[in-house]
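Novice: What follows is a predicted protein model with its sequence.
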Amino acid sequence: MNLNNSRLREKSIVLIGFMGVGKTTIGEMVAKKLYRDFIDIDQEIEKEYNMATSEIFQNIGEKAFREKEKNVISAFSKQSLKIISVGGGAFLQEEIRKVCLEHCIVIYLDLSWESWKERISLIIDSRPVLQGRSIEEIEELFYSRKPIYSLHNSKVETDNLEACEVADYIVDSLKLAWDLHEPQ
């Protein structure tokens, strides 16, 4: 892990994974437990455009959204002591992967296809990338992104775990790593 002139315990934490795995919910919990600010990149972009992500995709286009996403992630990832949730497609951009891996601790929230499918009805309306796709196309998208998510510092299997259990595991793992690498 590249310490990049900042102490390990001050590095921001970036949560990656497929849409709907719980990055925002878990990220908010981790931030609260570690007394850090929580940043949801999609929400930051929505605030800037004053519209939902689906509207941004529809009115301005995915390309403009991805460019804004890259700029916002780059800015926040260079700050200390943040918990950052990035959109499911963000890590497809090489520049985003590089800046996150260079400046942050990247944690991949992994969920099996079978478990993820159970959530689809809860998220499909709010995810523009899923609009108009068959379940087979969504499954293909799910598996096509797995190799991109393999570029991380740590992976947490989230199947059969509640969000609070995942958050506790992340916090405990981080504290252990901090104590091992930077004892006080």
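Specialist: Arrived safely.

Novice: and the helix or strand encompassing Phe65, what does it pack onto?
Specialist: For Phe65, the host element (DSSP states H and E) is helix 62-77. Secondary-structure packing of helix 62-77 (3 or more Cβ pairs under 8 Å, 6 or more residues apart in numbering; DSSP states H and E): strand 12-16, helix 41-49, helix 53-59, strand 82-85, helix 94-103. The C-beta positions use only the backbone N, C-alpha and C, and glycine is treated the same way.

Novice: 7 Å - rerun?
Specialist: Helix 62-77 sits against helix 41-49, strand 82-85, helix 94-103, with contacts defined as 3 or more Cβ pairs under 7 Å, 6 or more residues apart in numbering; DSSP states H and E.

Novice: biggest helix in this protein by residues?
Specialist: helix 163-181 (DSSP state H).

Novice: ok, residues contacting that one?
Specialist: The contact list for helix 163-181 (Cβ atoms under 7 Å, 6 or more residues apart in numbering) reads 8-9, 22, 25-26, 29-30, 33-34, 107, 154, 156, 158.

Novice: Please tell me how far Ser85 sits from Ile170.
Specialist: 12 Å (Cβ to Cβ, to the nearest Å).

Novice: brain fart, Arg145
Specialist: For Arg145, the distance to Ile170 equals 21 Å [Cβ to Cβ].

Novice: Same check on Leu111?
Specialist: Taking Cβ to Cβ, one finds Leu111 at 14 Å from Ile170.
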